[in-house]
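# Let's see this in three dimensions:
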Amino acid sequence: MLNQNFYIALGNFLYSVYYGDLLYKEMSRTDFFGKIKQYFIPKEEEADEFGTNKSFYCIFEIERLADQHADPFRSFHIFEDYFTNHKFEFSQKIKSEISSLLDEILGKKQPNSSLTFVKKFQKL
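As a prediction, this is how the structure comes out:
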């Protein structure tokens, strides 16, 4: 369905949402990853050369960024650059799926920051 680089970029965005919008204070990383897995793994049929579902690259990237204590703003800009340079991959369906995942993650809660990465995504 989508390539590995897409999922890495998505991981950058979701890292920004989780750490930049302070969701880590309200939701465990296990629950956060669970929602991502529930949402993208069943939809992705392709695997890499090791048999790993490509959507796992999203989670691998979030873990890598968290281990490095990466800057959420920089991570968002990586996603934004990918989005700008690969608009053909971001069909309305894909944007809608990402928005639905965000709704699922946020539930009825609003992000804590006034400069939320969720709002920045909605403007793309």
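# How many neighbouring residues does Ile8 have?
When counting by other Cβ atoms under 10 Å, one arrives at 19 neighbours for Ile8. C-beta here means a position set from N, CA and C on the backbone, and glycine is covered the same way.
# Just to check, it is in contact with Tyr57?
Yes - counting by Cβ atoms under 8 Å, Tyr57 is a contact partner of Ile8 at 5.3 Å.
# OK, contacts around Ile36?
The neighbours of Ile36, taking Cβ atoms under 8 Å, 6 or more residues apart in numbering as the test, are Leu14, Ser55, Cys58, Ile59, Leu101.
# Moving C-terminal from the helix or strand containing it, which element do we reach first?
Element membership of Ile36, judged by DSSP states H and E, is helix 29-40. Scanning forward in sequence from helix 29-40 by DSSP H and E, the next helix or strand is helix 56-67.
# how about that next one: buried residues?
Neighbour-count burial for helix 56-67, with 16 or more other Cβ atoms under 10 Å as criterion, is recorded at Phe56, Tyr57, Cys58, Ile59, Glu61, Ile62, Leu65.
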